[in-house]
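[1] Test case, fold it:
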Amino acid sequence: MRGPITRAVTNATGRELRIEGDLKPLWSWAHPRFRAEKVSFANPDWASEDYMFRADALEASIEVLPLLRGRVVVPKMHLQRPEVFLERMPRAGRTGCSSVSRTARVPRASTSWR
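    This next block holds a predicted model:
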């Protein structure tokens, strides 16, 4: 399951998602979740840091109905022991998130510091 997820994210964003640890589903009827360990997501080529974020673990929930229509909606995402490197694109004033689909929204973000 790790391979299809990392390939889908990489293909959708043009940047590498790496999951080097365990990947486990955490089942719930309302919002199924998954937990991935040793996760990193690459920054765009112009950024000074290699990664947008690295974390010991990432836990995210997924909405089921949009998934049936081929859309992935992630209403919550928690990072454990994150290192986050956000930068603005030179002269354009954009963050490193510009390669994510326009329909991608992040309504809430939280981190767990340990």
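
[2] what stretches of the protein score poorly on pLDDT?
    30, 92-114 (pLDDT under 70).

[3] Could you pull out the helices in it for me?
    Secondary structure of the chain (DSSP state H): helices at 2-13, 64-68.

[4] Phe85 is nearest to which of these?
    helix 2-13 (15.7 Å; C-beta to C-beta). C-betas here are computed from N, CA, C, even on glycine.

[5] Who are the packing partners of that closest one?
    Helix 2-13 sits against strand 17-19, with contacts defined as 3 or more C-beta pairs under 8 Å, 6 or more residues apart in numbering; DSSP states H and E.

[6] I would like the residues contacting the strand it packs on, please.
    Under the criterion C-beta atoms under 8 Å, 6 or more residues apart in numbering, residues 2, 5-6, 9-10, 36-42 lie in contact with strand 17-19.

[7] count of neighbours near Met89?
    13 (other C-beta atoms under 10 Å).

[8] picking up where we left off before, any idea which of the contacts of strand 17-19 is closest to Leu79?
    Val39 (8.0 Å).

[9] Can you name the residues that contact the residue nearest in space to the middle of the chain?
    For the chain, Phe41 is the residue whose C-alpha lies nearest the centre (C-alpha atoms, centre = their mean; 6.9 Å). Residues near Phe41 by C-beta under 8 Å, 6+ apart: 9, 15-18, 51-53.

[10] That concludes my questions; thank you for your assistance.
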